[in-house]
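*Asks:* This is a predicted model, with the sequence first.
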Amino acid sequence: MSKKLFRGFSFLLALVVLIAVFAVPAMAFDARTGGTVTVPAGEVVNGDLYLAGSTLIVDGTVNGDIFGAGQSLTINGIVNGGVTFFGQTMV
C-alpha cells in the first residue's frame with residue numbers, strides 16, 4: 001500500500017511542478033484605435049500599448065512596449081520599453 005501511495009504522491013508532485021514551470025503569466029495590454037489616437041500627458045499605461053489610426057500621439061508614460069500602425073507616430077512622453085511602428089513618419 002505504501003508503494004501505491006508513494007507513486008500517487010510522486011505523480012501529483014510531478015504534475016504540480018510541470019504546471020508551475022509551463023504556466024504563462026497574464027500580460028496586460030491596452031489597445032486603442034481611431035482617427036487620432038492619443039495618450040494624454042499625465043496618463044500612465046502599465047503594459048503593452050497597441051495603437052492603430054491615422055495620427056498616433058503619446059504624451060504620457062508607457063511602462064511596456066508600443067506597437068503602432070498609422071500615418072504618423074509622435075512620442076513626447078516616456079516609453080519604458082520598445083517601439084514597433086508601421087507607417088510614414090515617426091517623431
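*Replies:* Yep, that arrived. Numbering: from 1, shown residues only.

*Asks:* hey, where'd the helices end up in this structure?
*Replies:* 2-22 (DSSP state H).

*Asks:* Strands along that one, start to end?
*Replies:* Using DSSP state E, the strands of the chain run over 29-39, 44-46, 48-58, 61-63, 66-69, 72-75, 78-79, 83-86, 89-90.

*Asks:* Dump those to JSON lines, plus mean neighbour count.
*Replies:* (Glycine included, C-beta is placed from N, CA and C.) Listed next are those as JSON lines, based on neighbours: other C-beta atoms under 10 Å:
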{"stretch": "strand 29-39", "mean neighbour count": "14"}
{"stretch": "strand 44-46", "mean neighbour count": "15"}
{"stretch": "strand 48-58", "mean neighbour count": "20"}
{"stretch": "strand 61-63", "mean neighbour count": "18"}
{"stretch": "strand 66-69", "mean neighbour count": "19"}
{"stretch": "strand 72-75", "mean neighbour count": "18"}
{"stretch": "strand 78-79", "mean neighbour count": "15"}
{"stretch": "strand 83-86", "mean neighbour count": "14"}
{"stretch": "strand 89-90", "mean neighbour count": "12"}
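
*Asks:* residue closest to the middle of this protein?
*Replies:* D48 (3.2 Å; C-alpha atoms, centre = their mean).

*Asks:* my guess is that one contacts G68, does it?
*Replies:* No - contact between D48 and G68 fails when scored by C-beta atoms under 8 Å: they sit 11.2 Å apart.

*Asks:* shaky segments in the protein?
*Replies:* The model of the chain has pLDDT under 70 over residues 1-27.

*Asks:* now with 90?
*Replies:* Residue ranges of the chain with pLDDT under 90: 1-31, 33-34, 53, 70, 85-91.
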